[in-house]
Structures are given as C-alpha cells and as structure tokens.
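Trainee: my questions are about this predicted structure, shown below with the sequence.
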Amino acid sequence: MRNNKHRRVFSGLLILSAAVAVLILRLAWVQLIMKEQTVPGTKYTLAKMAEIQSERETVLDSGRGRLYDRKNEPLSGETIWTAAFFPQEEMAKKSVTKVVYEEAKPMHRLAEILGVSYEQLLNKRSSLKEPLLWPSSVGKGPLALSQAQAEEVSALGIDGVGVLPFARRYDGSSSGRQWLGYLSEATMHAGAKASPTGLRVPMTGTDGLEKTLEPLLQGVGHTEAYVQVDARGNRLPGSPIQVKAPGNPYFPLSLYTTIDKKLQEGIEELALKSGMKEGAIVVLDTGTGDIEAMVSLPFYNPEKISPQGGEWNNRALQAAVPGSIFKIVTAAAALEAGVTSADELFYCSGQFEKYGLSCLTGKGHGPLTLAQGFAVSCNTVFAALAERLSGIQLQSTALALGLGRDISWQAEKTLGFPLLKPLSGEQKGTIFTSLLPDDKGARVQTAIGQRDVQVTPLQAANLIVTLLHGGEVRAPRILQRITFANGQKLEELPGHLSPSSSGRISESTARQLLSMMRKVVTEGTGTRLQSTHWPVAGKSGTAQTLVKGVARNNQWFIGYGPVDHPRYAVSVAVENVAPDSPHLAIKLFGQIFDLLSSSTEA
C-alpha cells in the first residue's frame, strides 16, 4: 500500500518536473530564438512588439527633408517648441487631490500659456492614456510656443509635462505658395505593413516641390518621444520622457530654394489687401533669373486641400491670354525683320477698318511713332505691323524670347533623376494653334495678344529678364543647392540658359524695347507709376476673354526696376475681372516695387 503511494507521489513529481522542464524550454525558446522572429501580420520581431506595447510614444519628426528660402529661413519642416503631455503615474492618479493642490498654481499658469481654461487642462490631463502634443487652434499640428513660453513651461516642473522640439511641416495658414505643394497619405505597396501604433503614417508629396523632389525629401525614420507604461497605460514610476531618433548624420536633407520668404509674405499681403481674387505675381532676380517670389491666387492651405476647389493650382505656371504685353513680341519681330523702326510715323483714327479692330473705344491717337504707339498701346500701330509680318516670324520671335515653350530650370541625370525639373505643372502656352493657312486676321489678333495667344506669368517675367540680357533667355531657377543634415554639401545646382532653336533677338532690338518700356511709364499707359520710389519701366495689357460664357478681362503689367541699374523683373497678372474694372495690375506693380525698394534699402 505504502509502495503504491510512493509510486504515485514519484509519478506526480516526475510529471510536474517534466511540465516545468517543458515550460523552461519554451521560455528559453521564446527568449533566445523566437524573440528575433517576425510577428505574423507585422514587420516587427516579438522582442520589438513587447517593447512597443510597453511604450507610449508621439512622433516629433517624420524625418522628411526640409525646404529653406535663399536666406536659410524654413519654408517647410520648421522646428518649433511645443508642450508635450504624457500619462501620469498610477500613484499620482490615486493621490489626485494632493497633486492638484501642489500643482494648482503651475497648472493655472500652464493653462494661460496654452490659451485654455484650468478645468479644460485638468480634464485633458487626468484622462490621458496616450502622449499628447498640445494642439494648435489653427491647422492640424501642435501649438507653437515662443522661446520664452517654452522656458517657462519647462520651469513649471509639472509631472509628465515637457517641452519638446517638433518638426512642423506647415503652419496651418493659407498662402500663395502653390509651388511648395502638399502631402497626402502614401499608397501602401504590396507587402508593406502599417505601423502597429498607427502613428507613423507614410506621407508622400502630391504636388509642387513636395512631389517633384520626393526622392530627396524622403526620410530614413521618425524621431519619437516616449515613456514606459504598465498594462493599464499608466506611466511606470520614475519613467522619464525619452527621445529616440534614427541617428543618421546625413538625413534628412536640406534643400535651399531661391525664394525670399519675407518678400513672398509681403507680396501675399499686398495681393490680399488689393482685393485681387485670381491671378499670379512673379518676381525674378534680373541678374540670375532666379525666382525670388511666386504668388498664386486664390490662396491654398496645404493641410486642407479641396480637389474640387483647385486652389492648389499654381497660376504662375498656367497660361492665360496676355493682351497688349504681347506687343513686346510683335515690336521685336518687326524690328528684327527690318519692316519698321522706333521713329516710323503711323496714323491712328481709332478704327483699323479691318477685322473689327478699334483703338481707345473709337477715339484715335492721331499721328504717332512706333515708340509712342508702344507707350500708349495703340492697336492700330500693331495691326499695321502684323500685316507686314508672317505668322512664322511672330511665332519664331516669341520662341526666341522664351514664350510658347518650357523655360523653367531643369537638368538631366542629376541626383538620381533622369530629368530633375523642380517646377511641376508648367504650361508651354501658345502663339498660334495653327499657322496654316497664314491668315492676316489671325496675325492681327495675335499681334495684340488675343486669339490663340497664351502666356504664363513666369514666362512674362522672364521675357523682361531676357531683354535685360540682350536677348539671351535664362531658365528661371527655384532650387539652388542641397546639403546633408550635417551641413556637408551634396549638390550645387547652378543656373543655365534656355536657348531656342529659333535663335535669339539682337541686343540692339532688346535695347530699343527697354527704352520703349520706359516711355510707357513716362508718357503712356503706366504714368501712375511715376510716383514709385524707384524709377520703373514696363508694359501694360488688358486681354478680353470669356469665363463660362461671360465677358471678362485679364489685366497685366510686366516690367523692371530700377531703370538705371535693374535688379528685379516683375509680372502681375490679375485674371477674370469685370471689363470695366480699374487696372489693378498697374497699381499692384507699383506697390510691389515700393516694397522691393524699401526692403532692399533696409
């Protein structure tokens, strides 16, 4: 009997020992072997998943490359200070009365800094299970703190509250920087796994520089702030706020544009105050052809893109009917062909008697030279020139001056791109949709910038730069260099020319046209610009067009200044206005040059 009992005890111990041994072997297998195996349905190992599940993190930086202006001011990816809240410790929650009492004064002050009530802040903090970057009331990102506010919040010493740097892609406001573009969620490719926490949502550039430079802007990993938590989501006692980053000294890349952020903002403000609803403004450096400002209206918000609204379209790169600014091309073609001269005398009776063309609503200019006709934008003079020219001559001159074709900076086999072309969506515009048959009526309408003619505001501004360079067309540049995160240079992107197979106009013709443009301001359609701080020159234009069957106008003014030593070329295109509207483009042109003169002299 006793032997049977001993055998049963022995068997039980043997079974228990075997179970313990199996458990130990299983634990050893998990700890030593399985921890490095990928968990089904994720891209993480078992060890990493255990770590993730014991952490609560918030993303501080997606790792995406930064865009800067010509003076190293951030355009996207700006680093701001923000208030970060993390779950409290369990004991702190249990002694909430004591904590509230001890932290009442600091919490009241924190609420003031964040712009919320004390009760709102208390409720938000007490119910916190995940880290929180205090949200901004404008846009999708966290609230930006000033340097002084950041230092004060840190000094308050509130448990679980810290001040952390956050890489803000956009500031949540609307602007005319459609060239910048916007981001949207990337389409997950086959085999890719989503982030287990849902925080690291992959984003990709969808328009503008964000899209064309996507391979350069892609990051190598997120920077996160995290704390250790227990199974109930409470912060473990003594768990500090920690930050982990990829630690790559070369990424993210820094991309430097030719844009002057302060100038861009100033022109955006002028455009808004003027009441301008649609159109574009472009400012180029006359020496290099670089784009210093490019404003498109209506404004867009990169964090609130409406596919139906179309605000994200960059109108500076979209072609529109130019009206009389195209008379620069007609005059150039006639001078190059030798069929006229600046002092040739014409006579304007107010009616051209052909093709239904009139001048000054039927009132004639009387006798006037080509230079005078250019200054007052006489249709009769340019209709007469069109009859002396062929369609081929007008077309080839336009091409030689950088119209009717792509002109923005581009480079083949650069930085891994088969063709690097930063400006996306650039339209070529048109001169003639067909040159056959070569119809006089079509030439006359084309010569005054109507019929098939379409020009982009960028081309119009670059036309001025071309004249200032004696007929040599430069390619407007918006991206100038790229560096690694440590400041080491990756690539310099020098400017270059944009020659045409149609050749170029002569320096003599370019000089004559520039002189005629000065007459526009001194005695022609731009006399209201005589009061600008710098002396300027240019050409006005009013184009008749139809919008949804309704008669509308496009207003233009393009030119340069100061006249004696040109520094800037500017084009202003105010689109889709009522036919009887005051010429807003001329007014804005003057205001922009006053802004340029004051900012340059300052």
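Mentor: That came through, no problem.
Trainee: list the contacts for the residue positioned nearest the centre of the chain?
Mentor: Among the residues of the chain, residue 180 comes closest to the average C-alpha position under Cα atoms, centre = their mean, at 1.6 Å. Applying Cβ atoms under 8 Å, 6 or more residues apart in numbering to residue 180 gives the contacts 67, 75, 76, 208, 209, 210, 302. No exception for glycine: its C-beta is placed from N, CA and C like everyone else's.
Trainee: now, which of these lie within strands?
Mentor: Those of the contacts of residue 180 mapping onto strands are 67, 75, 76, per DSSP state E.
Trainee: which non-adjacent residue is nearest the last one?
Mentor: Right, the one you point to is residue 76. residue 67 (4.6 Å; Cβ to Cβ, 6 or more residues apart in numbering).
Trainee: pretty sure the one you found contacts residue 74?
Mentor: Yes. At 7.5 Å, residue 67 and residue 74 qualify as touching, with contact defined as Cβ atoms under 8 Å.
Trainee: below-threshold pLDDT in the stretch 351-500 of the chain: ranges please.
Mentor: For the stretch 351-500 of the chain, applying pLDDT under 70 flags the ranges 361.
Trainee: tell me which stretches of it form strands.
Mentor: In the stretch 351-500 of the chain, the segments counted as strands under DSSP state E, counting those that start in this stretch are 366-369, 411-414, 417-420, 479-483, 489-492.
Trainee: which secondary structure elements does the first one contact?
Mentor: In this case it means strand 366-369. Using 3 or more Cβ pairs under 8 Å, 6 or more residues apart in numbering; DSSP states H and E as the contact criterion, the elements in contact with strand 366-369 are strand 345-348.
Trainee: go again with 10 Å.
Mentor: In terms of contacts (3 or more Cβ pairs under 10 Å, 6 or more residues apart in numbering; DSSP states H and E), strand 366-369 is packed against strand 345-348, helix 370-376, helix 379-388.
Trainee: so for residue 245, which of these sits nearest?
Mentor: Ranking those by their distance to residue 245 (criterion: Cβ to Cβ) puts helix 370-376 first, at 61.0 Å.
Trainee: buried ones in that closest one, by neighbour count?
Mentor: When neighbours are counted by 16 or more other Cβ atoms under 10 Å, the buried residues of helix 370-376 are found to be 370, 371, 372, 373, 374, 375, 376.
Trainee: confirm for me that the fifth one is in contact with residue 327.
Mentor: Yes. Using Cβ atoms under 10 Å, residue 374 is in contact with residue 327, at 6.4 Å.
Trainee: overlap in contacts of those two?
Mentor: When contacts are counted by Cβ atoms under 10 Å, 6 or more residues apart in numbering, the set common to residue 374 and residue 327 consists of 381, 382, 513, 516, 539.
Trainee: secondary structure element for the fourth one?
Mentor: Secondary-structure element containing residue 516, defined by DSSP states H and E: helix 507-523.
Trainee: any regions of this protein where pLDDT drops low?
Mentor: Low-confidence regions of the chain, defined here as pLDDT under 70, cover residues 1-6, 9-10, 12, 19-23, 26-54, 90-103, 188-200, 231-233, 361, 601-602.
Trainee: can I have the buried ones of the shared contacts of residue 374 and residue 327 as a PyMOL selection?
Mentor: Per 16+ other Cβ under 10 Å, the buried members of the shared contacts of residue 374 and residue 327 correspond to this PyMOL selection:
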select buried, resi 381+382+513+516+539
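Trainee: residue 554: which of the shared contacts of residue 374 and residue 327 is nearest?
Mentor: Closest to residue 554, out of all of those and judged by Cβ to Cβ, is residue 539, at 14.0 Å.
Trainee: tell me the contacts of the closest one?
Mentor: If you count contacts by Cβ under 10 Å, 6+ apart, residue 539 has them with 322-328, 331, 374-375, 377, 460, 463-464, 513, 516-517, 520-521, 524-526, 556-559.
Trainee: try 7 Å
Mentor: For residue 539, the contacting residues are 324, 325, 327, 328, 517, 520, 558, 559, by Cβ atoms under 7 Å, 6 or more residues apart in numbering.
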